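Engineer: Could you look at this predicted model? Sequence included:
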Amino acid sequence: MNDISPVLWQFLVKWLTNFALYPPEASKIAPQMDALYFFMVLVSLIGLTIVVLLVLAFSVLYRKDRHPHAVQIEGSTLLEATWTIIPLGLFLIMFVWGALIYFRVYTPPANAMNIYIVGKQWMWKAEHPGGQHEINALHIPTGQPVQLTIISQDVFHSFSIPAFRVKREAIPGRYTTVWFEPTTPGTYHLFCTQYCGTDHSQMVGEIVVLSPDDFKKWLASSTSGNSLAQDGERLFASLQCTTCHNANPASRGPVLAGIYGSKVTLSTGEVVTADDAFIRESILFPSQQISQGYAPIMPTFQGQISEEGVIALVEYIKSLDSYNRVRQTTNTTELLPGSERPGPPVQTQPAPQGKVNQ
Amino acid sequence: MNFLSRENGLLSWLLTGDHKRIAILYLISITFFFFIGGALAGLIRLELLTPQSDLMASDTYNKVFTMHGIVMIFLFLVPSVPATLGNFFIPMMIGAKDLALPKINLLSWYLYVVGGILVIYTMVAGGVDTGWTFTTPLSTHYVNTNVMSTGMAIFIAGFSSIFTGLNFIVTIHKMRCPGMTWFRLPLFVWANYAASILMVLGTPVLAITIVLVALERKVGIGVFDPTKGGDPLLFQHLFWFYSHPAVYIMILPGMGVISETISTFSRKRVFGYTAVAFSSVAIAVFGFFVWAHHMFIMGISNYSMLVFSLLTMLVAVPSAIKIFNWTFTLYKGSITFETPMLYSFGFMGLFTIGGLTGVFLGTSGTDIHLTETYFIVAHFHFVMVGGMLMAFLAGIHFWWPKMTGRMYPEKISQLAAVVTFIGFNLTFFPQFILGTLGMPRRYAAYPPEFQILNVFSTAGATILGVGYLLPVIYLVWSLKYGEIAGNNPWQATGLEWQTQSPPLTENFVITPIMDHEAYDYDWLENQGVKEVASVG
């Protein structure tokens, strides 16, 4: 048989040995999503079978040579109601079931460890809080909820991990989040699924799921020396943000310590929460949202900082908040090398608060 | 003497006001573009035969699938049934001499041609690689291909579609013959009426969106540009506000064809006429309020997701109603299996699959995994190609005797219907599995484990190609050598069958009077061989 068509033969052997109807289930949500998927497959197969069997049966029973004279029938309200209500009921079950899964996928738990993802033509950059940078790869541990905060530097991209059954659009100018809890160590596909130009199909990578121990080793071997917050601190200094954002009572800008997650009153009277998006907007479009009591004098940094830079600044400003530092300690830092040291690595450097509070 | 032989010469066609001649002009033009789009599809499938992008570079591949989408959607699917069969038969079905606005009808064809020429210009000038969805800021700031000429083409072709819809609405309201009440209209007319409403209300939004993209690209106004405070998601809202109803513009007229053929070849009144008629209207109405189900993973709020997912479930129900009503039309009928009926059976099976897999995507949880993969490609090809194209071919075969006065050869066309069905399933069914496995759409290169399913798909596309070429050959052949059809070869009930084939330019010698329900086969039998209006 090998002589007849070796190529085709190879294909078939390869396919039959690797045949799969769905990708591996490597996250906690995957089996839940598959349960709904197979419920829908089942309902669809039953529906399709009913239609096909009826069409076949009627075609046999009422074909012209067997049934030469048609019997005219107006319709039937009872039947109309049946095939309106039953599909509607089934669709509503799917709607509710699907919405529950949707909420779960896009509502990260409070204890999730956060990793930033920046999409750009045509690569994925991952920024770990400990300062590990990755391109077209993402290393994550099992048994730990991982939140991704995703943004695009240029056009729409979409961060897709089929083995986890999650996908989230990377949107220019807007943070989106998704989370998952990997369950099985292994290497899985990472795809960009939103068409993004020439090398869209090259914007792929690997999701490497490691056991917690292996992940610690990986973190230790991949560290760049600085944490993300420390990168942000340097950027903060080099952009001379401290000129205005310092603790001097006469300073021209608001104090940033503790601002992350707090309520900020704007000059319009509106009260907003200072989250990642707020800080990003404030750096790139400062005149859009002026904190009450301050003059609109901050220059824009649009075009001067990459999205990674903005992320480092956000992370730095986050680290100025004692609550977040505690949270980060409990979630991420215990996985970091040398986690027996108290506090996050940012504290091994001169305390960042010093710059602002001096 | 008939509408074909009445006048001769190119000018008599190019300046005609006759809806039937304009329909023929449309038929020739959309067939031309269908084969361009089909050739591009062939290139896509050839490239995907192997995991590497080896037949063409990524850039070329991107241009090819973009042009395939644009040609097939704007130059084939949107005008297919309405502008050909609708144009030809709506006036005849309601007992009118022509559409209400014959010159607008001709203008609509000319706009279509201008749009088509601009698309050809775009291809010759190097193509465009934005995808047919024109996602900003890719289309406005990042690609340097022919976005402007493509946008112009779609803008102009859009007006052709608006004019067709407008013409149908006015005609159906004002030009029905005496006795032709709304509930005596053939369901084909109801379906086209519903589609016309979508064309008239939806297409202007597309036109506005294209203008905004053009302004953004040329002047940099910043409506969609996040670096200027614009919102790139706004583009998606505007785009899908047209492009989701557009799928109903494409499928509703096809559903109309199926109502006609199923009734005719089972010799029965359509089961639940009112339910089928109103389900068309329901699809048109609900169809306007589901657009954001294309954006579930794009950070719309949970509440918008709930609303749009729920409405998507509601729009699925009328389609289910139609399928079951067609099925029960067969019950106690007297069924024959001519080519239009075979295509209609194909439609019912494939559209059922296309519709049900749409529910997978309308369900927000599973949409996260399945959207932007080959699952969605398979889904809309089942609806558009398995559904709409099957319906179009059913309609072309069904009305061919009326349009040309000649029968098509039955055996070979039955064969073509079966070949198309097999080829279609082999092409697109593997894509559901590919999508579930996670293969993203619009990839010139893909991981090697997806190859075998892609090989199946390409093999199927080859068979499908044969299935589409056959009708062109035998239909052209039948123009000269086909059997003379006579006025009513199928013994169908529509008014269009009660006049001569091909019809007179005025359609009817005496304005017909509708004194019976639609699909009244008893009336037809009592008519005997008497024709309402026919002179040689």
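Structural biologist: Noted; the coordinates are in hand. Residues are numbered from 1 along each chain as shown, chains lettered A, B, ... in the order given.
Engineer: Can you name the residues of the stretch 51-200 of chain B sitting close to chain A?
Structural biologist: B:53, B:58-59, B:62, B:129, B:131, B:133, B:135, B:137-138, B:141-143 (Cβ under 8 Å from any Cβ of the partner chain). C-beta coordinates here come from the backbone N, C-alpha and C atoms, glycine included.
Engineer: Which pLDDT value goes with the closest residue to chain A within the stretch 51-200 of chain B?
Structural biologist: Proximity of the stretch 51-200 of chain B to chain A (Cβ to the nearest Cβ) peaks at B:L138, 4.2 Å away. With respect to pLDDT, B:L138 scores 94.
Engineer: tell me what the helix or strand where B:V419 lies is packed against?
Structural biologist: Here B:V419, judged by DSSP states H and E, is contained in helix B:410-437. If contacts are counted by 3 or more Cβ pairs under 8 Å, 6 or more residues apart in numbering or on different chains; DSSP states H and E, helix B:410-437 sits against helix B:339-362, helix B:364-370, helix B:374-381, helix B:390-404, helix B:451-481.
Engineer: Among the residues of the stretch 51-200 of chain B next to chain A, which lie within strands?
Structural biologist: Of those, none are assigned to strands by DSSP state E.
Engineer: thinking again about what came up before, just the buried residues of the helix holding B:V419, please?
Structural biologist: B:413-417, B:419-421, B:423-437 (16 or more other Cβ atoms under 10 Å in any protein chain shown).
Engineer: most packed of the helices and strands packed on helix B:410-437?
Structural biologist: helix B:364-370 (a mean of 27; mean count of other Cβ atoms under 10 Å in any protein chain shown).
Engineer: for the record, mean pLDDT for it?
Structural biologist: 96.
Engineer: Is that helix in proximity to chain A?
Structural biologist: Yes. Using Cβ under 8 Å from any Cβ, helix B:364-370 comes into contact with chain A via B:364-369.
Engineer: Could you save the residues you listed as CSV and add columns showing distance to B:H516?
Structural biologist: What follows is the residues of helix B:364-370 next to chain A, written out as CSV (distance: Cβ to Cβ, whole Å):
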residue, distance to B:H516
B:S364, 48
B:G365, 50
B:T366, 48
B:D367, 47
B:I368, 52
B:H369, 52
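Engineer: of all those, which comes closest to chain A?
Structural biologist: B:G365 (3.1 Å).
Engineer: what sits against the closest one?
Structural biologist: Contacts for B:G365 (Cβ atoms under 8 Å, 6 or more residues apart in numbering or on different chains) come out as A:33, A:36, A:97-102, A:105.
Engineer: which residues sit in contact with the closest residue in space to the residue of the stretch 51-200 of chain B closest to chain A that isn't next to it in sequence?
Structural biologist: Distances taken as Cβ to Cβ, 6 or more residues apart in numbering or on different chains place A:V155 nearest to B:L138, at 4.2 Å, with adjacent residues excluded. The neighbours of A:V155, taking Cβ under 8 Å, 6+ apart as the test, are A:121, A:172, A:196-197, B:135, B:137-138, B:141-142.
Engineer: Out of those, which comes closest to A:I93?
Structural biologist: Checking the contacts of A:V155 against A:I93 by Cβ to Cβ gives B:T135 as the nearest, at 33.1 Å.
Engineer: ok, that closest one - contacts?
Structural biologist: A:155-156, A:194-195, B:232, B:235-236.
Engineer: Redo the residues you listed as a markdown table? Include pLDDT and secondary structure.
Structural biologist: A markdown table is the format used below for the contacts of B:T135 (pLDDT from 0 to 100; DSSP: H, G, I helix; E, B strand; the rest coil):
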| residue | pLDDT | secondary structure |
| --- | --- | --- |
| A:V155 | 94 | coil |
| A:F156 | 96 | coil |
| A:Q194 | 96 | coil |
| A:Y195 | 96 | coil |
| B:P232 | 91 | helix |
| B:F235 | 95 | helix |
| B:Q236 | 95 | helix |
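Engineer: mind putting those residues in JSON lines, distance to B:G467 included?
Structural biologist: Listed next are these as JSON lines, based on distance: Cβ to Cβ, whole Å:
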{"residue": "A:V155", "distance to B:G467": "38"}
{"residue": "A:F156", "distance to B:G467": "36"}
{"residue": "A:Q194", "distance to B:G467": "33"}
{"residue": "A:Y195", "distance to B:G467": "29"}
{"residue": "B:P232", "distance to B:G467": "41"}
{"residue": "B:F235", "distance to B:G467": "37"}
{"residue": "B:Q236", "distance to B:G467": "35"}
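Engineer: which one of the residues you listed is nearest A:L12?
Structural biologist: A:Y195 (31.9 Å).
Engineer: these two touch, right, the closest one and B:R442?
Structural biologist: Yes. A:Y195 lies in contact with B:R442 (Cβ atoms under 8 Å); the separation is 4.4 Å.
Engineer: Look at these two and report which has more neighbours.
Structural biologist: A:Y195 (25 against 22; other Cβ atoms under 10 Å in any protein chain shown).
Engineer: Quick one: residues contacting the more buried one.
Structural biologist: B:62, B:131, B:133, B:135, B:138, B:441-442.
Engineer: those strands in the stretch 1-150 of chain B, which residues are they?
Structural biologist: Applying DSSP state E, counting those that start in this stretch to the stretch 1-150 of chain B gives no strands.
Engineer: now it, which segments are flagged as low pLDDT?
Structural biologist: Scanning the stretch 1-150 of chain B for pLDDT under 70 picks out no residues.
Engineer: what are the ranges of the helices in it?
Structural biologist: B:10-14, B:19-47, B:58-70, B:87-93, B:102-124, B:147-174 (DSSP state H, counting those that start in this stretch).
Engineer: can you state the direction angle for the last one and helix B:102-124?
Structural biologist: Inter-element angle recorded for helix B:147-174 and helix B:102-124: 160 degrees (by axes from the mean of the first three to the mean of the last three Cα atoms, to 10 degrees).
Engineer: In helix B:147-174, which residues are buried?
Structural biologist: Quick answer for helix B:147-174 (16+ other Cβ under 10 Å): B:147-148, B:150-169, B:171-172.
Engineer: hmm, back to that, and the helix holding B:V419, what's its mean pLDDT?
Structural biologist: Computed over helix B:410-437, the average pLDDT equals 96.
Engineer: now the helix or strand encompassing B:A191: how far from the chain's centre is it?
Structural biologist: If you go by DSSP H and E, B:A191 is part of helix B:187-218. With Cα atoms, centre = their mean, to the nearest Å as the basis, helix B:187-218 stands 14 Å off its chain's centre.
Engineer: Please identify the buried residues of it?
Structural biologist: Applying 16+ other Cβ under 10 Å to helix B:187-218 flags B:187-203, B:205-207, B:209-210, B:212-214, B:216-217 as buried.
Engineer: packing partners for that helix?
Structural biologist: helix B:87-93, helix B:147-174, helix B:232-266, helix B:273-287.
Engineer: between it and helix B:232-266, how many degrees?
Structural biologist: 160 degrees.
Engineer: between helix B:187-218 and helix B:273-287, how many degrees?
Structural biologist: Using the same axes, to 10 degrees, helix B:187-218 lies at 10 degrees relative to helix B:273-287.
Engineer: quick one: helix B:187-218 to helix B:390-404, angle?
Structural biologist: 110 degrees.
Engineer: model confidence over helix B:187-218, on average?
Structural biologist: 96.
Engineer: go on, stretch A:160-167?
Structural biologist: According to the model, stretch A:160-167 has a mean pLDDT of 96.
Engineer: in chain A, which segments are predicted with low confidence?
Structural biologist: In chain A, residues with pLDDT under 70: A:1-5, A:11, A:321-358.
Engineer: just the strands in it please.
Structural biologist: Going by DSSP E, chain A shows strands at A:113-120, A:123-127, A:133-135, A:137-141, A:146-152, A:157-161, A:166-170, A:176-180, A:186-192, A:205-210, A:263-265, A:271-273.
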